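Participant: Fold the following.
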Amino acid sequence: MNIESEGLMKAVIESTVDGIITINHKGIIQFVNDSTTKLFGYTKEELVGESINILLPADVLSKQHDQYLANYLSTGQAKIIGIGREVKGKRKDGSIFPFWLSVNETRINDHVLFTGLIHDLSVQKKTERALMELTRELEAKVAQRTHELADAVNRLLKINVQLEKEVQEKATKEIALKNSEEELKVALQKEKHLNEMKSRFLSMASHEFKTPLSAILSSASILARYTTTEQQEHRVRHIAKIKKMIRQLNDVLNDFLSVERMEGNEINVSPSGFDLHQFIVGVVDEMESVLKSGQSISVKYLAKQAQIYQDSNILRIILRNLLSNSIKYSKPGQLIELKVQTKGDLFVIIIKDKGIGIPEDEQPYIFTRFYRSSNASNIQGTGLGLAIVERYVHVLGGKIAFQSKEGEGSIFEIKLPKENGKEKEGFSD
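Facilitator: As a prediction, this is how the structure comes out:
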């Protein structure tokens, strides 16, 4: 090797990020590169000529190192040499840190030298601990939301049992009073419809709860396999998937809780004055994150004035449900239109899409709880959204109407009074 090659080799060794140490058969340090001195806090002069034990914790390897070299030289059985493993090192300041050690043997004439490559694992270990903590937090949140979902389902099942009981009692009274075969058929038809609704609810609940929970469990299990720094991208992807599934479960739970409040007449209306135009822009911005590829929402505001006195929280639920349906049942790349205009003392909000539409013979049932049209069976949903929308529009003193054609899309129109209630402190036209 000429002088130029030797200089190049030295430059490569000194610029290596990992530490490099060479010792003789007695464990005496012969050479260290700059990365080694930075890693352990010593100068080269302090290390060269010293025993390798100076860099090892006393309670781990320093008492065994010399015996290990002697055993290897006499038996040829390696525990680290040519294999590599994780060990601990001791810095000059006494601090202990983990690193990966790979050792190779070199024989020059009659001399035996051992060269170790040292890769610091401190950052990786810190990342692993942070990941474990995040995983524990996510598991706790999933467990909490699962418990809440279970409570909501139990309450809804109790309501369903009560409704079934009331329908059966009514049917029995009608049969006893009229003793008519025709009315008996009507009662049986009602019971059949109730059973169908019950079956749809149980099937929907099973799918809406089990599918996200299975995805969460799967991603949480996979997370435990990604332990190295290079796998951070995989960890981020699965954590994002868990968060998405938790948000989906939360939306389902909120729908069920809304139905429960409506069933118990627990809807509290708190109207206040606000700018309807700015409010709608804010709702549309919230929906941007759930748009499919290429989809967009256009807003046309034709009203001359924007002040409205209504319950903004309930109105937000109404608009989010209708926009969510338009997004869900429309293909990627399609435009969703939202238009606001005035008609006397009313605001008219129109939402139009070019989605799958609603079959004509099923349109009378779309505001029925848990009902889903036949052409939407492969699209995720609870069948509660439109039932919630209709009830909340009524609570705000408004009306809702729609037009739809299967395969061509739907148009929903909401008419709301500009002022809801008599107490309008702080409200101005």
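
Participant: Which residue ranges of this structure form strands?
Facilitator: With DSSP state E applied, the chain shows strands at 19-24, 29-32, 85-90, 96-108, 111-120, 272-275, 296-301, 307-310, 335-343, 346-353, 399-405, 409-417, listed in chain order.

Participant: and residue 333, what does it touch?
Facilitator: By C-beta atoms under 8 Å, 6 or more residues apart in numbering, the contact list for residue 333 reads 292, 293, 294, 295. All C-beta atoms are positioned from the backbone trio N, CA, C, and that covers glycine.

Participant: gap between it and residue 295?
Facilitator: Using C-beta to C-beta, to the nearest Å, residue 333 is found at 7 Å from residue 295.

Participant: coming back round to it: what I need now is the strands of the chain written out in a markdown table, including mean neighbour count, distance to residue 44 and mean pLDDT for each item.
Facilitator: Formatted as a markdown table, the strands of the chain follow (neighbours: other C-beta atoms under 10 Å; distance: least, C-beta to C-beta, whole Å; pLDDT from 0 to 100):
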| stretch | mean neighbour count | distance to residue 44 | mean pLDDT |
| --- | --- | --- | --- |
| strand 19-24 | 19 | 11 | 90 |
| strand 29-32 | 19 | 6 | 92 |
| strand 85-90 | 16 | 17 | 86 |
| strand 96-108 | 14 | 19 | 86 |
| strand 111-120 | 17 | 15 | 87 |
| strand 272-275 | 16 | 71 | 93 |
| strand 296-301 | 14 | 64 | 93 |
| strand 307-310 | 21 | 77 | 93 |
| strand 335-343 | 17 | 69 | 94 |
| strand 346-353 | 20 | 72 | 95 |
| strand 399-405 | 15 | 81 | 94 |
| strand 409-417 | 20 | 76 | 95 |
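
Participant: okay, those strands in TSV with distance to residue 13 next?
Facilitator: Output for those, formatted as TSV (distance: least, C-beta to C-beta, whole Å):
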stretch	distance to residue 13
strand 19-24	6
strand 29-32	9
strand 85-90	19
strand 96-108	14
strand 111-120	10
strand 272-275	69
strand 296-301	58
strand 307-310	74
strand 335-343	62
strand 346-353	66
strand 399-405	74
strand 409-417	69
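
Participant: what ranges do the helices span in the stretch 151-300 of the chain?
Facilitator: 181-223, 232-263, 276-287 (DSSP state H, counting those that start in this stretch).

Participant: Helices of the stretch 1-150 of the chain, start to end?
Facilitator: Using DSSP H, counting those that start in this stretch, the helices assigned to the stretch 1-150 of the chain run over residues 3-15, 34-40, 44-47, 63-75, 122-178.

Participant: With respect to burial, which of those scores highest?
Facilitator: Compared across the helices of the stretch 1-150 of the chain, helix 34-40 shows the largest average neighbour count, a mean of 18 (mean count of other C-beta atoms under 10 Å).

Participant: That one packs against which elements?
Facilitator: If contacts are counted by 3 or more C-beta pairs under 8 Å, 6 or more residues apart in numbering; DSSP states H and E, helix 34-40 sits against strand 19-24, helix 44-47, strand 85-90, strand 111-120.

Participant: Let's see it as PDB, backbone CA atoms only.
Facilitator: What follows is helix 34-40 as a C-alpha-only set of coordinates in PDB (Å, rounded to 0.1, in the frame of the first residue of the first chain):
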ATOM      1  CA  ASP A  34     -11.900  10.200  16.600                       C
ATOM      2  CA  SER A  35     -15.400   8.900  16.900                       C
ATOM      3  CA  THR A  36     -14.300   6.600  19.800                       C
ATOM      4  CA  THR A  37     -12.800   9.500  21.700                       C
ATOM      5  CA  LYS A  38     -16.000  11.500  21.300                       C
ATOM      6  CA  LEU A  39     -18.100   8.600  22.300                       C
ATOM      7  CA  PHE A  40     -16.200   7.800  25.500                       C
END
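
Participant: Distance of residue 273 relative to residue 420?
Facilitator: The gap separating residue 273 from residue 420 is 10 Å, by C-beta to C-beta.

Participant: Report the set of residues contacting both of the two.
Facilitator: Common neighbours of residue 273 and residue 420, using C-beta under 8 Å, 6+ apart, are residue 309.

Participant: and residue 54, which of the helices of the stretch 1-150 of the chain is closest to it?
Facilitator: Among the helices of the stretch 1-150 of the chain, the nearest to residue 54 by C-beta to C-beta is helix 44-47 (7.1 Å).

Participant: packing partners for that closest one?
Facilitator: For helix 44-47, the elements it packs on are strand 29-32, helix 34-40, judged by 3+ C-beta pairs under 8 Å, 6+ apart.

Participant: before we move on, the earlier item: filter the contacts of residue 333 down to the buried ones, PyMOL style.
Facilitator: The PyMOL command for the buried members of those (criterion: 16 or more other C-beta atoms under 10 Å) is given here:
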select buried, resi 295
